[in-house]
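S.K.: Just need the structure, nothing else, for what follows:
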Amino acid sequence: MQIKGIALSLVLGLSLPIVADVCVPSQAVANLAFPEGKFFDVEGQLQPPSWNLTLWKAQGKYYYKNLNLKTGKQICLIGAKASGTQARPVFTWINAKYKYRVSWQIVQRELIRLEVIDPSGKVILNQLFVSEPGKFENPNTTKC
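M.R.: Numbering: from 1, shown residues only. Modelled structure (predicted):
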């Protein structure tokens, strides 16, 4: 009986440090770099772009605004959840059970990835966006 207790203690003792390494402290998440700026879908480099994605942070909140350049329809979301690592931050907004996830690598600041995930968990969009030179020339760019 004592061997089972020792084995259980050993297993738990070895697994807890692994769990601690996987979890990102909330303070570290709050300090993740955010990819502010205007971005266009990468396919738009060869033809007119279809999407204009604007990301910004104001008053401690993360903003997402995506404009369909063909239809003029847009969506604006406020209050992303930050996750990921310092090297690859991830920001997720939720709207009507759809997740809008923006991820990027610090070493490639000009590129971001947008994934849209439907309520069943299926990725319905996985698109690269490239940044536009200049920052928020239009004062209405950062308004929802």
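
S.K.: so where's this structure uncertain?
M.R.: Applying pLDDT under 70 to the chain flags residues 1-30, 44-45, 134-142.

S.K.: Pull the contacting residues for F34.
M.R.: Going by Cβ atoms under 8 Å, 6 or more residues apart in numbering, F34 touches L55, K57, Y62, A82, P89, F91. All C-beta spots, glycine's among them, are computed from the backbone N, C-alpha and C.

S.K.: Please pick the buried ones from those.
M.R.: L55, Y62, A82, P89, F91 (16 or more other Cβ atoms under 10 Å).

S.K.: With secondary structure added, can I get the contacts of F34 in CSV?
M.R.: Putting these into CSV (DSSP: H, G, I helix; E, B strand; the rest coil) gives the following:
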residue, secondary structure
L55, strand
K57, strand
Y62, strand
A82, strand
P89, strand
F91, strand
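
S.K.: Serialize those to TSV and add fields for distance to E115.
M.R.: Formatted as TSV, the contacts of F34 follow (distance: Cβ to Cβ, whole Å):
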residue	distance to E115
L55	14
K57	20
Y62	16
A82	15
P89	14
F91	11
